[in-house]
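Predicted model and sequence below, questions to follow.
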Amino acid sequence: MRALFTSLPAADYAASQRFYEQLVGLRVQREYDGAPHRFTNYDLGGLLLKVYEWTEPYHGSGHTGLFIETDALDTVVARIRDGGARLTPIEVHDWGGRCCSVTDPFGNIFSLIDARQHGDI
């Protein structure tokens, strides 16, 4: 088995697209705008990030939880910080990963991890 995607809700869909495409630097794989939601899938190298907004009432539950591996951690963190987003400081954890947590404009939290120092994941 492999992870297929993780999904994050967006209270402001246009702002989510600006954030993930311009600040984080993710590439759009697919966009959908129809019932019961609209979403953008971003290609994370075999895993998809689906950012969505409900367009009709829905009573299920979404899920979050994501580590994004990058070979340019310092550059991406600087760009996100300059864009005004909240981040934790980059740190090296006991398990060896060099990473930080990012909070997007809607309160969703994800982690960025250094591809060259991802530790025992």
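Great, that's in hand.

Paired strands for whichever strand in the chain runs longest, with orientation please.
Under DSSP state E, the strand in the chain containing the largest number of residues is strand 109-118. If you go by DSSP bridges, strand 109-118 pairs up with strand 67-70 (parallel), strand 97-103 (antiparallel).

Throw those into JSON lines and include mean pLDDT, mean neighbour count and distance to residue 120, thanks.
In short, each C-beta sits where N, CA and C put it, glycine included. Formatted as JSON lines, those follow (pLDDT from 0 to 100; neighbours: other Cβ atoms under 10 Å; distance: least, Cβ to Cβ, whole Å):
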{"stretch": "strand 67-70", "mean pLDDT": "86", "mean neighbour count": "18", "distance to residue 120": "13"}
{"stretch": "strand 97-103", "mean pLDDT": "89", "mean neighbour count": "19", "distance to residue 120": "8"}
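
Give me the neighbour count for residue 93.
Using other Cβ atoms under 10 Å, residue 93 has 11 other residues around it.

From residue 33, how far off is the nearest residue to it once chain neighbours are set aside?
Spatially, and ignoring its direct neighbours in sequence, residue 93 is nearest to residue 119 (6.7 Å; Cβ to Cβ, 6 or more residues apart in numbering). Distance of residue 119 to residue 33, computed by Cβ to Cβ, to the nearest Å: 39 Å.

Compare the two and say which is more crowded by neighbours.
Taking other Cβ under 10 Å, residue 119 and residue 33 do not tie; residue 119 has more neighbours (14 against 11).

Quick one: residues contacting the residue lying farthest from the centre of the chain.
Residue distances from the centre of the chain (Cα atoms, centre = their mean) peak at residue 57, which lies 24.1 Å from the mean C-alpha position. The contact partners of residue 57, taken as Cβ atoms under 8 Å, 6 or more residues apart in numbering, are residue 36.
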